[in-house]
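In: Need coordinates for the following:
(2 chains)
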Amino acid sequence: MTVAVRSIDRDGVTLVELEGEITSATSAALQQRILPLVGHGRTTIIDLSRVPYISSAGLRTLLLVHRQSLRKGCGVILTGLSEEVRFVMASTGFLKLFDVRGCSPSPGPWREER
Amino acid sequence: MTTAGLPARIDAYPTRRIAGYGVRPGRPLPFGATPVPGGINFSVHSGPATRAWLVLFAPGGREPLAELEFPQVFRVGGVFAMTVFGLDEENLEYGFRVDGPFDPARGDRFDATAVLTDPYARLISGRDVWGAPPDRDRPCPHRSRLVRDDFDWEDDAPPRIPDEDLIVYELHVRGFTRHPSAGVSAPGTYAGLREKIPYLKELGVNCVELMPVFEFDEHANPRSDPATGRPLCDYWGYSTVGFFAPKAGYAATGHLGMQADEFKTLVKELHAAGIEIVLDVVFNHTAEGNENGPVISFRGLDNATYYMLTPAGEYYNFSGTGNTVNCNHPVVRGFILDCLRHWVAEYHIDGFRFDLAAILDRAPDGTPLANPPLLEQLAHDPVLGHCKLIAEAWDAAGLYEVGTFPSYGRWAEWNGKYRDTVRRFLKGDAGTVGELATRVVGSPDLYTGRGTTASVNFVTAHDGFTLHDLVSYNDKHNEANGEGNADGANDNHSWNCGVEGPTEDPDILRLRMRQMKNAMAILLTSQGVPMLLAGDELARTQHGNNNTYCQDNELSWTDWTLRGTHAELHRFVRRLIAFRRAHPVLRRPCHPGAEVTWHGVRAGEPDWSESGRLLAVTRSSDDEQIYVAMNTHWEFHDLELPSPREGGVWHLVADTAAEHPDDIRVPGDEQPLTVPGRYRIAPRSTVILIARN
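Out: Got it, this is the predicted structure:
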């Protein structure tokens, strides 16, 4: 089980689209693939509209990515949160730790990350 | 740390395989399940056991994934310890199976057919969604789980509010926001309570005391409501299943196993709002009941150690619930200490209120100890050093220690005598003025040398009538509890003001409102630590039920529409709290000397007689002077006021007999008296004056 990662660089912004459930089973591999994409002097937008579920371990992985990016002086923005994911993140305090925007970026010519 | 992708520790490898899993000898400490490089360390103590197994489940899976017997060489003393590799800590449930003698006469009740809950389980699954029908045949109904302990507390700073400045608000996590009128996104949960923090701040309380939040089984009640046939539950949660695990059913995210993060977020935001959090903890008994109860954990691990047993091996029942935890046994002391340290270190809890705490000073045979090692240990523990420690200083077997609970300079007490005295005075009982005087200055008769903050003053608590019902019912009405109205306290010292229960009579309703204000005015001007029952500021009613432990319905839930219908009382209480917080003279931690003077109708002449029903007190400091007159007589009295300090003039702060909005003034808006030096106090009312220049 893996999370699909697609990315595109556009106007100085890296868009990263994730697809699949982010859990302890998938988060380690995800972290390895997503970390190289963030923090290169630009903002990273992570689109979660194809992520139906994020577990406790998954939220921690996203937070680590976010913090890593901040350490490099770059921002990470989350978009496309489903109502359920947003509710879980709000209830557990994670929502406040991220920069979350309402709308998803328009789909573009995604680059598959392997 | 890894080197070329390999774990850097040389003990991060299995030494043998059991049931398909790589394992190696574990570490006996810490107890419970702990992630270690490459695996999870499992440790459980059972001195008399002969064999033990670790039982692994997939989350929600009915049958075990595997059972791994602890090799005898993995045993250290009485502790079974094993590290298991290759487990996904997030997708794992576990328990222990333990074998040993079954010889009840000697105290041993091992049952190798049961899968036991880890007493140190950080999370427990099985009651993940409040009220969801349980699978009663599931092997190991309360399964242990692991939790990540890397919550991001950021700069969380416990408020460390001095005891004398506390204003405690006792609430039930579910009941506070479960009512549809609560207007929160996750009713009845930690997240829902978090949304009510602005309400708490506005009210002015600075400490919430949560009724039990350790994992319990809300379904553990065989009774039904005789009128409706509706099954009753364990709503209050005083029968603990797991002492280290926050109640999953109180979390909006409990079905995802994220209750720890949700609860910690609540604590963090309470702290950010300047509000402390005290947990009501129940170490006096467990959910295992007597010999007919379920085998959950302690009974199957080491019955004779964890429970107080008679010489014949039967359960002592000092708790009134079937069993009594053997709190002063060295092993149990260690367990309780580990548990409290866990809640302070991991959850940033600010204090604990110990249910039926008199049991905590009993010896294994039930004898009260003069120097109970558990209480001394908790008082001097370094991790608990800033904690509020509050005892409910009695138990269900008649041991009543209000004023005598071993305190070691640290313990405070729920002052049951304060409650009873104020209630008796309020209803107009004869012969209460003398004791009232003692109670409102911090009960020096009980707490000499300990100061006023040893006394947690309260008029109402979860156990008993709400404030509204205290002034609306002479008798309890607990029929809905299914015990023929035999449960709950009978000595309520309540008065219905003329009619039992609901009435449209405007005079009675006015009197009840005044009586509620009187109770709040006395409580919030008394020295000691005031505690309010949540919803009393809104005149919450339980329709005369004084023991709603089993009522998960409108009887128990806070009805937030009362904010509209009882805005007058809410405003009065909010302003009283602000008044208390503004005036240190009301909160002094030392018992008073000459700075307190007593009065009756005439200044300086208190009436201590049996027929006295009016008492006034002046508290003075270098900066402040406050006069409080409490009249429970059914007549008006023309009070002669004491002379205010030099340059001061008495101003009216509050008069519970005055019509709203003149019942209480905000600071700066206090009114000079029409006739200086005199005040006409109405029947059954309380008057507060302040000396201003």
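In: Show me what from chain A comes close to chain B.
Out: With Cβ under 8 Å from any Cβ of the partner chain as the criterion, chain A meets chain B at residues A:23-25, A:55-57, A:60, A:63, A:87-88, A:90-94, A:97. Yep, even glycine has a C-beta here, placed from its N, CA and C like the rest.
In: can you rerun that using 7 Å?
Out: A:23, A:24, A:25, A:55, A:56, A:57, A:60, A:88, A:91, A:92, A:93, A:97 (Cβ under 7 Å from any Cβ of the partner chain).
In: and these as TSV, adding secondary structure and neighbour count?
Out: Formatted as TSV, these follow (DSSP: H, G, I helix; E, B strand; the rest coil; neighbours: other Cβ atoms under 10 Å in any protein chain shown):
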residue	secondary structure	neighbour count
A:23	coil	20
A:24	helix	18
A:25	helix	17
A:55	coil	21
A:56	helix	22
A:57	helix	19
A:60	helix	21
A:88	helix	25
A:91	helix	27
A:92	coil	26
A:93	coil	24
A:97	helix	16
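In: Poorly predicted segments of chain A, please.
Out: Applying pLDDT under 70 to chain A flags residues A:41, A:103-114.
In: Identify the residues contacting the helix or strand containing residue B:22?
Out: Using DSSP states H and E, residue B:22 sits within strand B:21-25. Strand B:21-25 is contacted by residues B:11, B:14-17, B:66, B:68, B:74, B:81-86 when judged by Cβ atoms under 7 Å, 6 or more residues apart in numbering or on different chains.
In: Can you name the residues in contact with the very next helix or strand once past it?
Out: Next along the chain after strand B:21-25, taking DSSP H and E as the criterion, comes strand B:32-36. Contact with strand B:32-36 is made by B:40-43, B:83, B:89, B:94, B:118, B:120-122, B:144, B:146, as judged by Cβ under 7 Å, 6+ apart.
In: Stretch A:58-68 too?
Out: Contacts for stretch A:58-68 (Cβ under 7 Å, 6+ apart): A:22-23, A:27, A:30-31, A:34-35, A:38-39, A:76, A:89, A:94, A:97-98, B:148, B:150.
In: Any buried residues in it, and which?
Out: A:58, A:59, A:60, A:61, A:62, A:63, A:65, A:66, A:68 (16 or more other Cβ atoms under 10 Å in any protein chain shown).
In: quick check, the fourth one in a strand?
Out: Which is residue A:61. No: per DSSP: H, G, I helix; E, B strand; the rest coil, residue A:61 lies outside any strand segment and is helix.
In: Look up how far residue B:595 lies from residue B:620.
Out: Using Cβ to Cβ, to the nearest Å, residue B:620 is found at 5 Å from residue B:595.
In: These two: who's more crowded?
Out: Neighbour tally, residue B:620 and residue B:595, criterion other Cβ atoms under 10 Å in any protein chain shown: the higher count belongs to residue B:620, 20 against 14.
In: and chain A, which of the contacts of strand B:21-25 reach it?
Out: Residues of those in contact with chain A (Cβ under 7 Å from any Cβ): none.
In: Just the buried residues of these.
Out: By 16+ other Cβ under 10 Å, the contacts of strand B:21-25 give B:14, B:68, B:74, B:81, B:82, B:83, B:84, B:85 as buried.
In: If we only consider the residues you listed, which is nearest to residue B:674?
Out: Using Cβ to Cβ, residue B:81 comes nearest to residue B:674 of the buried ones among the contacts of strand B:21-25, at 78.1 Å.
In: got the residues of chain B near chain A?
Out: Neighbours of chain A within chain B, by Cβ under 7 Å from any Cβ: B:88-91, B:148, B:150, B:152, B:186, B:191, B:252-253, B:256-258, B:261-262, B:265, B:268.
In: So residue B:687: helix, strand or coil?
Out: Taking three-state DSSP as the rule, one finds residue B:687 in the strand state.
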